[in-house]
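S.K.: The following comprises the amino acid sequence and a computationally predicted model.
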Amino acid sequence: MNTTADIENLLSRLTLGDRKALSQLYDKTSAKLFGVCLRVLNDRAAAEDALQDTFVKVWKRADRYAANGLSPMTWLITIARNTAIDSLRRRKTAGEDLSEADAVPSAGPTPEAAAIASSEAARIGACMDTLEPDRRAAVRGAYLEGQTYADLAKVHDVPLNTMRTWLRRSLEKLRECLSQ
Amino acid sequence: MSTETTAERDGAMRAAEYVLHLMPSADRKDFEATIAWDPEVRAEVVFWNEHFAALADEVVPVTPPATLKRTIEAELFADIGNTSSLTSKLRLWRTAAIGMAAVAAAAAFMAFLPMFTTPGGGPGTQIGGGAIHTADIAAQDASLRVIAVYQADTGELKLNRTAGAAPSQRDLELWAIIGDDAPVSLGVLPAGQQVVISVPEKLRGDFQMATLAISEEPVGGSPTGAPTGAVLAAGALATF
């Protein structure tokens, strides 16, 4: 089982330069993170590159994990997803500089926020269900596929400003539901 | 929520847009500065990250290709050889055949060649009292792959080619690189999928530490005794 404590333990060993811990972390998490990268990039070769970059970042930034207030799997998924989205946007707008998106900013400890958030994480599903189907699909498209407002407007065939309004209202509704 | 100011609500929405990557990249940078100094915004970012990460529960795990882990380790740990750095090293050796200055430079470089063991590697295997060592001699794009199994007590190197073939009008040649020594040819790979090579007696002492590489060469093998063509694949023997 990949318990939170297992992964946390491996992350703390990474900060000590423990290569075996990286190997174990890879064995435990690479399939999930590869799935996340594939979902965003929809291209195996690009997803492999993104996964490689993800683990390189995890190794180099493991010391920042403790300070960012996220649960360990969320931290890993966030890095994988940011790396994949960064790559996606670079590929889409070849030439335009969008290279900064990979950083998960170091944020100072907010352990209570993480504890609350992770214990309630499962509620996102129930709260998503309160949204209308097309708006729910838009939020999911943004998170899981890294779609932009413009992508989403195109997919759902609505004007860009309508999509902004959809997302904003949906996020407000979600936040209210999640905060109850 | 009802007591919340417009500014707070706006901060929360921007945190959500940030987490979803819906901000233009310039705004994203500005917002990261805000995250750095504003603990409330930071908490909002954590809030959204945690909740949205749960959406990833539905993402089906997909096992990445077996070579990727080693590629990552090779990128991170400079003392583990990878194909590209090995290629440059072998290119150095090619040059070395021409000039002594290059030989010196290459020798210095080769001092960093791998003593590779796979962290958390496979199951321990002992057959007939001799240790088994294996190498995954693979191209980075998986276009050529040979699994090598070396049995120390018999000096037998079994090769199983699972992908790839020699380019037209060329042969594939197998090389062993041990410590600081120049690559030693183990011969041209026969066309068959599986072959067994007897490792020369004089190489057997340290052969378990060898890195094996495959280059493409003129038909019949390198005319110089050193690699002359592109190095297509490489992998270090690891003791399991």
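M.R.: Right, received. Where do you want to start?

S.K.: ok now do residue B:16, which residues does it touch?
M.R.: Under the criterion of CB atoms under 8 Å, 6 or more residues apart in numbering or on different chains, the contact list for residue B:16 reads A:171, A:174, A:175, B:44, B:48. Where C-beta positions appear, they are placed from N, C-alpha and C, glycine not excepted.

S.K.: Reformat these as a markdown table; add secondary structure, neighbour count and distance to residue B:13.
M.R.: As requested, the contacts of residue B:16 are exported to a markdown table (DSSP: H, G, I helix; E, B strand; the rest coil; neighbours: other CB atoms under 10 Å in any protein chain shown; distance: CB to CB, whole Å):
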| residue | secondary structure | neighbour count | distance to residue B:13 |
| --- | --- | --- | --- |
| A:171 | helix | 24 | 6 |
| A:174 | helix | 23 | 10 |
| A:175 | helix | 21 | 8 |
| B:44 | helix | 23 | 9 |
| B:48 | helix | 25 | 10 |
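
S.K.: Can you say which two of these are spatially most distant?
M.R.: Spanning the widest gap among the contacts of residue B:16 are A:174 and B:44, at 12.4 Å by CB to CB.

S.K.: could I get the contacts of residue B:16 as TSV with pLDDT and distance to residue B:10?
M.R.: TSV is the format used below for the contacts of residue B:16 (pLDDT from 0 to 100; distance: CB to CB, whole Å):
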residue	pLDDT	distance to residue B:10
A:171	96	11
A:174	94	16
A:175	93	12
B:44	92	11
B:48	93	14
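
S.K.: now, among these, which is nearest to residue A:28?
M.R.: Taking CB to CB as the measure, residue A:28 lies nearest residue B:48 of these, at 24.9 Å.

S.K.: ok, the closest one touching residue B:21?
M.R.: No - between residue B:48 and residue B:21 there is no contact under CB atoms under 8 Å: 11.5 Å.

S.K.: Toward the C-terminus from whichever strand or helix holds residue A:9, list the very next helix or strand.
M.R.: If you go by DSSP states H and E, residue A:9 is part of helix A:4-14. Following helix A:4-14 in sequence order, the next helix or strand is helix A:19-41 (DSSP H and E).

S.K.: Just the CA trace of that next one, in PDB.
M.R.: Taking C-alpha atoms only, helix A:19-41 is exported to PDB below (Å, rounded to 0.1, in the frame of the first residue of the first chain):
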ATOM      1  CA  ARG A  19      19.000   7.200  -4.300                       C
ATOM      2  CA  LYS A  20      17.200   4.000  -3.200                       C
ATOM      3  CA  ALA A  21      14.400   6.100  -1.900                       C
ATOM      4  CA  LEU A  22      14.000   7.700  -5.300                       C
ATOM      5  CA  SER A  23      13.900   4.300  -6.900                       C
ATOM      6  CA  GLN A  24      11.200   3.200  -4.400                       C
ATOM      7  CA  LEU A  25       9.200   6.400  -4.900                       C
ATOM      8  CA  TYR A  26       9.400   5.800  -8.600                       C
ATOM      9  CA  ASP A  27       8.100   2.300  -8.300                       C
ATOM     10  CA  LYS A  28       5.200   3.400  -6.100                       C
ATOM     11  CA  THR A  29       4.100   6.500  -8.000                       C
ATOM     12  CA  SER A  30       5.400   6.500 -11.600                       C
ATOM     13  CA  ALA A  31       2.400   4.800 -13.100                       C
ATOM     14  CA  LYS A  32       0.000   7.300 -11.500                       C
ATOM     15  CA  LEU A  33       2.100  10.300 -12.500                       C
ATOM     16  CA  PHE A  34       2.600   8.900 -16.000                       C
ATOM     17  CA  GLY A  35      -1.200   8.600 -16.200                       C
ATOM     18  CA  VAL A  36      -1.500  12.300 -15.200                       C
ATOM     19  CA  CYS A  37       1.100  13.400 -17.800                       C
ATOM     20  CA  LEU A  38      -0.600  11.300 -20.500                       C
ATOM     21  CA  ARG A  39      -4.000  12.700 -19.700                       C
ATOM     22  CA  VAL A  40      -2.700  16.200 -20.200                       C
ATOM     23  CA  LEU A  41      -0.400  15.600 -23.200                       C
END
